[in-house]
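Asks: Here's my sequence, what's the structure:
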Amino acid sequence: MANENVTTKVVIPCRFSYVHVWEAASIGDDGDKKFSVSCIIPKSDKTTTDKVKEAIKAAYTSGITSKFNGKKPASWKNPLRDGDTDRTEDDAYQNSFFINASAKTRPGVVDKARQPITDQEEFYSGCYGYVSINFYPFNAKGNVGVAAGLNNVMKVKDGESLGGRVSADADFAEVDMADAPFPMGDDSEPTDIFGD
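Replies: Below you'll find the predicted structure:
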């Protein structure tokens, strides 16, 4: 049996933000916990944005008969959003599109050799890689549109953390241990830790 969703599935390069691939988190007002990522795509990457738009169009078209009662909805939720208008306060989203993809089941998380990543510090908001997304139409609680289902993620490159947290290495890069105000190399108690 052929997979009817082939044209709605994409594997695309992106920068990851709002990473929730290790534990499900509540998204929106319904309180449902889901695994999710925000996928940032530069507007200059026409190949990727065209591929995404084609897959969204295929999902939308299939939704006309399967979810939208045979009609094109007057307004609908498009999963491809504009960072310049929808995330004006976030520099990481400027000159970019983004897609929020989610799933109730945990995605596969692999490195560029396609080996599972088990260290949760290795896959974080700010790293770069590829994401596998399946676009599908929905009609729920009066809202209609196309949603992005998260399948798997692959990290290929580190990037500056977007979580507001700096690495311990960066925080302590300026510390010269030779100037430490306490004894080094033994367990003796310092008499005056700050030299007062």
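
Asks: how far away is the closest residue to K77 other than its chain neighbours from V11?
Replies: Using C-beta to C-beta, 6 or more residues apart in numbering and skipping the chain neighbours, the partner closest in space to K77 is G145 (2.9 Å). All C-beta spots, glycine's among them, are computed from the backbone N, C-alpha and C. Distance from G145 to V11, counting by C-beta to C-beta, to the nearest Å: 22 Å.

Asks: helices and strands around the host helix or strand of the residue nearest to K77, which ones?
Replies: Element membership for G145, per DSSP states H and E: strand 143-157. Secondary-structure packing of strand 143-157 (3 or more C-beta pairs under 8 Å, 6 or more residues apart in numbering; DSSP states H and E): strand 9-26, strand 33-42, helix 46-66, strand 96-103, strand 108-110, strand 128-140.

Asks: got the CA positions of whatever helix or strand comes next after it in PDB?
Replies: The C-terminal neighbour of strand 143-157 among helices and strands, as given by DSSP H and E, is helix 168-171. These are the backbone C-alpha positions of helix 168-171, laid out as PDB (Å, rounded to 0.1, in the frame of the first residue of the first chain):
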ATOM      1  CA  ALA A 168      30.500  26.800  32.100                       C
ATOM      2  CA  ASP A 169      33.600  26.900  29.900                       C
ATOM      3  CA  ALA A 170      32.600  30.400  28.600                       C
ATOM      4  CA  ASP A 171      31.600  31.700  32.000                       C
END
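
Asks: Please state the mean pLDDT value computed over helix 168-171.
Replies: Averaged across helix 168-171, the pLDDT comes to 72.

Asks: list the helices and strands it packs on?
Replies: By 3+ C-beta pairs under 8 Å, 6+ apart, helix 168-171 packs against no helix or strand.

Asks: Neighbours of L162, how many?
Replies: Look at L162: counted by other C-beta atoms under 10 Å, it has 21 neighbours.

Asks: And it, how far from E174?
Replies: From L162 across to E174, the span is 23 Å (C-beta to C-beta).

Asks: any idea what sits nearest D82, other than its immediate chain neighbours?
Replies: F97 is the one closest to D82 (C-beta to C-beta, 6+ apart), at 6.1 Å.

Asks: is it true that that neighbour touches S38?
Replies: No. Judged on C-beta atoms under 8 Å, F97 makes no contact with S38 at a distance of 10.9 Å.

Asks: tell me the angle of the strand holding G145 relative to strand 128-140?
Replies: Here the directions of strand 143-157 and strand 128-140 differ by 170 degrees (axes from the mean of the first three to the mean of the last three C-alpha atoms, to 10 degrees).

Asks: low-scoring pLDDT stretches of this structure, where are they?
Replies: 1-7, 28-30, 164-167, 180, 182-196 (pLDDT under 70).

Asks: No further questions, thank you.
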